[in-house]
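In: I'd like to go over a predicted model; first the sequence, then the structure.
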Amino acid sequence: MTSNDTHSANNWVKTQQLDLLYAYSRLPQWLILLSAAGVVLVMWSHAPHNLLLGWLAVVTGLALLRAVLVRRYRACAAPERQRARWYALFYLGNLASGLSLAFVHIYIVPLEHFELQAVAYALATGIALCVSIIYATQFIAFLSFAVPAWLPPTIYLLVQDDPTSPYWGVIGITLSGCLLLAAAFLNRTATAIMAANQRNMDLLQGLDDAKQQSEALNQQLTREINQRRNAERELRQSHEALEQRVIERTAALQAASEQLKASEARLNLAIEASQLGLWDWNLDTDEVYHSHLEEIFGLSGEAVTRMLEHLTPRVHPDDRKLVRSTLVQHMRGRSKSYRIEYRIQHADGHWVWVEDSGRAVEWDSTGRVTRIIGTRRDVSERLAREQQAQLAATVFDATAEGIFILDPNFHILTVNQAFCFITGYAADDVCGTPMHLLSEDPDRNRFFQHLKSTLDSEDRWQGELMEQRRSGERYPQWLQLTVVRNPQGQITHYVGFFSDQTSHRQTEQRLQYLANFDPLTQLANRNLFTQQLEEAVSRARQFKQEVTLLHVDLDRFKHINDTLGHHIADNLLRQVAQRLVETAGDSAAVARLSADEFVLIVEGDLHKRELSQLADRLLHNLRRPMNLEGHELVVSASIGISLFPHTARDGLLLITQANQAMQHAKYLGGDGFQFYSDQLQVHGIERLQLENQLRKALDEKQLVVYYQPKQNLPGGELRSAEALVRWQHPQRGLLAPAEFIALAEETGMIVRLGEQVLRTACAQASRWYQNGQPVQIAVNLSVQQLRQRDFAEQVAAILLATELPAHYLQLELTESMLLEQLDVVELNIAALRALGISLAIDDFGTGYSSLAYLKRFPIDTLKIDRTFIAGLEQGAQDAAIVRAIIVMGHSLGLQVVAEGVENTAQQQLLREYACDQLQGYLIGRPMPASDLTPLLAQAQPVDNP
């Protein structure tokens, strides 16, 4: 082939390439315009309308200009003469189109909105991919579009700081690289094919020329033998040239085939490196081809031939709904492709997280999807790393300890929230700052240099420091530092953990204080008191001195605590402690032993008279009224005094003797003091013996019940009696209640004692009732019985067991019981009244008399205390009080009983005052039931008391 022929062939190829470019140039521009419309619709609510409309107008203008350019090119008679001009116009159009698509990524799509990024990038990138493939046959045309379309947004996304943009940039780089390789390959292949086609055409033309020459030679054979030889020679030359061209063409085809194989091998290597499993699913037959089954699922290729039969059942039950809905949405045309992550069961039984991407590629005539292709890859490790990173970040920010990370030069790289909370520094203020600059201590830099050298050799350090907050406040800090090294052993970071020890120190101080002082009164507690007493006794032994211990116990404090509440009782104890300290002054150490017990340690030789004066001052100051939240209280106390070394030889014996003396002072009525003596020990032993004997008496039924009759006025009938307990002591004979009731109250045996008395009295009243001598029996109650939650049920059970009608039982309460601020007391009183039991107030007028509880509680009877009856004849004041009580009781519909009637004058006055019942020695002394029965027989029977 001549040089002219080669030049002609090249011109023909370039003309054909230019024709192809303009033939396909309108389709890419319209695709870009379609993508622009989609982007505008997606971003309409998220980007300025002027920007969107302006950009759409530019893209539309480019499409129209491209259409005009194509029309003029086709109308041109000889475009090959102005080929450079047409190429330049085409490349300028490609450059503008590519920049218009790059504009989407940089100026229109917001970086912080991942969902909008995914949709907008899919629209713009997908169209850019399609257009790039269309232009791939012409490499310069491809570059004139792909470079402005891909390079600016990729660089822009890579340099952004937000979490997702760099990943988009990496994806852009990956796609750009793959696309560039594919375009280069396609361009090279297309160029080779076009050149080969042109050469083939030249060969054919050469064969035609040879044939014509042969015919010419045959016609001239007879005329010119020499011409024929020349023609044969030329023919042989032409044949050789043709063979050479065929050989060259075959070699070119082989080279192109080898290039295709190399490209396929590179593609396979890329797929292997990405660990992607390719799959191809025929929905008509359910057949599926899937690569990398062994690597992803542990399955062989023969084990997976059908999608629904072999792979779908392995999807985790919790993910099947998501997978199905995603596929359905895609097959309905809701998305061009899909990507989803779900769990699938590995062949060995564990669950594997896979990322599944796919798209439909074939449809039938009805629009139903018949083929889907896609990729799958195992993302379990990636998800696990992401979860571990998230957990680490959560722990880093949520821990209560301050955490900071330093570079090898001790500059702060990052801190957690606890660091900012403890130190007062914001994270932005300290990051990049040398650690030693956070404190104004001039030695801090030297300390950290020493610490750095220590860590270089030991990799770990911990200790307590005095650090400084941003406000300047100093605080104790427990610091731990750990070294982080790379695989080569070089230090890359220091990680520090620290905690604020301020609250820990305060807690230690508080615990130390609580170990020795009472938190309520701020006095020394039992622990510190014991130490002080031992030290005082030790000094007294050393210097031959004396130690006096005063044990102070408040009288009736429990009653105040129960009636007015713990809050007022606590305030009372504070004031008592204050008064004890003020009275004792510096001469004594004051401590609180328990709820209402205080002790005073007095060192030095004091006469008994001086100690008595001190005890009197203490009692006097305690008796001064206290105003607590509207309540005026007067408190008394009992004080026991013991002396070292006169009565006690050590501190423990001092405590015991002072307590015994205090108990004796309380036994004598309280509001006084007693010195310890040997007789007190005897009294204490006797009291302990009496307590044990009383317990035995309850077990052996030594308690008996006597009955004191009551007389009705004005008729004189005996309608009722009061049950009074006596103790038939084996050695001491019959004991009155005054000798053991207080002990029973104090030890808690009163509940059991009261239950025995109530059961015995009800049983006796039932016998009288069965014999036709009905008598209402009055039984005294203790407040401890009323505090029992099931007391009303116990009384009901006794009445049922003894077969006594409830109205023949009367329970006597004291005024102090009605002042109990306990719900259980009110509930028991209401329940007793609901049973039909009569309720009476005993010793009315001597306690905290109040008309309020007469209205509040269902009382039937008032019993006037014997002290008013005893003075009935001598004083007009007592008579007036008695008349007032009787009139008040009658006006409230209550019966009134006078206690302690001992002579006929009192009987006559009470009859004149219209008192309802009389009780006392004049009517009858307490007597056994056997003695009362004949008296009841003489009285007129009464069916309803």
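Out: All right, it came through fine.
In: just the strands in the stretch 651-800 of the chain please.
Out: 672-675, 703-712, 718-729, 733-735, 776-780 (DSSP state E, counting those that start in this stretch).
In: residues touching the last one, excluding its own?
Out: Residues lying outside strand 776-780 but in contact with it, judged by CB atoms under 8 Å, 6 or more residues apart in numbering, are 707, 710, 719-724, 754, 757-758, 761-762, 764-765, 807-812, 838, 840, 842, 945. For glycine as for every other residue, the C-beta is placed from the backbone atoms N, C-alpha and C.
In: give me the angle between that strand and strand 718-729.
Out: 40 degrees (axes from the mean of the first three to the mean of the last three CA atoms, to 10 degrees).
In: got the angle between strand 776-780 and strand 703-712?
Out: Using the same axes, to 10 degrees: strand 776-780 against strand 703-712 is 120 degrees.
In: buried ones in strand 776-780?
Out: Q776, I777, A778, V779, N780 (16 or more other CB atoms under 10 Å).
In: from the chain's centre, how far out is it? Work that out for me.
Out: How far strand 776-780 lies from its chain's middle: 59 Å, per CA atoms, centre = their mean, to the nearest Å.
In: kindly report the same for the second one.
Out: Its chain's C-alpha centre and that of strand 703-712 lie 66 Å apart, by CA atoms, centre = their mean.
In: quick one: mean pLDDT for that strand?
Out: Strand 703-712 carries an average pLDDT of 93.
In: quick one: the helices in the stretch 201-350 of the chain?
Out: 225-274, 293-297, 320-331 (DSSP state H, counting those that start in this stretch).
In: of those, flag the one that's most buried.
Out: helix 293-297 (a mean of 18; mean count of other CB atoms under 10 Å).
In: who touches the strand or helix carrying Y513?
Out: In this assignment (DSSP states H and E), Y513 forms part of helix 502-516. For helix 502-516, the surrounding residues in contact (CB under 8 Å, 6+ apart) are Y475, P476, A524, N525, N527, L528.
In: reformat the strands of the stretch 651-800 of the chain as a markdown table; add distance to L694.
Out: Formatted as a markdown table, these follow (distance: least, CB to CB, whole Å):
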| stretch | distance to L694 |
| --- | --- |
| strand 672-675 | 24 |
| strand 703-712 | 9 |
| strand 718-729 | 8 |
| strand 733-735 | 10 |
| strand 776-780 | 17 |
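In: closest to V40 out of these?
Out: V40 lies closest to strand 776-780 among those, at 98.1 Å (CB to CB).
In: how about that closest one as PDB, C-alpha atoms only?
Out: Extracted in PDB, the C-alpha atoms of strand 776-780 (Å, rounded to 0.1, in the frame of the first residue of the first chain):
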ATOM      1  CA  GLN A 776     -71.000  -6.000 131.500                       C
ATOM      2  CA  ILE A 777     -67.300  -6.600 132.200                       C
ATOM      3  CA  ALA A 778     -64.900  -3.700 131.900                       C
ATOM      4  CA  VAL A 779     -61.300  -4.600 131.000                       C
ATOM      5  CA  ASN A 780     -58.400  -2.200 131.000                       C
END
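In: show me what that strand pairs with in its sheet, parallel or antiparallel.
Out: Partner strands and pairing direction for strand 776-780 (DSSP bridges) are strand 718-729 (parallel), strand 809-814 (parallel).
In: the shortest one - what's its average pLDDT?
Out: Right, the one you point to is strand 809-814. Here the average pLDDT along strand 809-814 is 89.
In: list the buried residues in it.
Out: Result for strand 809-814 [16+ other CB under 10 Å]: buried residues L809, Q810, L811, E812, L813, T814.
In: for H350, give its distance to L383.
Out: H350 is 14 Å from L383, where distance means CB to CB, to the nearest Å.
In: rewinding a little: report the buried members of the contacts of helix 502-516.
Out: By 16+ other CB under 10 Å, the contacts of helix 502-516 give Y475, A524, N525, L528 as buried.
In: which two of those residues have the greatest separation?
Out: Pairwise over the buried ones among the contacts of helix 502-516, using CB to CB, the maximum falls at Y475 and A524, 30.9 Å.
In: can I get the helix or strand containing D842 in CSV, CA atoms only?
Out: Assigned by DSSP H and E, D842 belongs to strand 838-844. Provided in CSV are the C-alpha atoms of strand 838-844 (Å, rounded to 0.1, in the frame of the first residue of the first chain):
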residue,chain,number,x,y,z
SER,A,838,-68.5,-0.5,124.5
LEU,A,839,-65.6,1.9,125.0
ALA,A,840,-64.8,3.9,128.1
ILE,A,841,-62.2,6.6,129.0
ASP,A,842,-60.6,5.7,132.3
ASP,A,843,-59.2,8.4,134.7
PHE,A,844,-60.9,11.2,132.8
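In: sheet-wise, list the partners of that strand with their directions.
Out: Applying DSSP bridges, one finds strand 838-844 paired with strand 809-814 (parallel), strand 861-864 (parallel).
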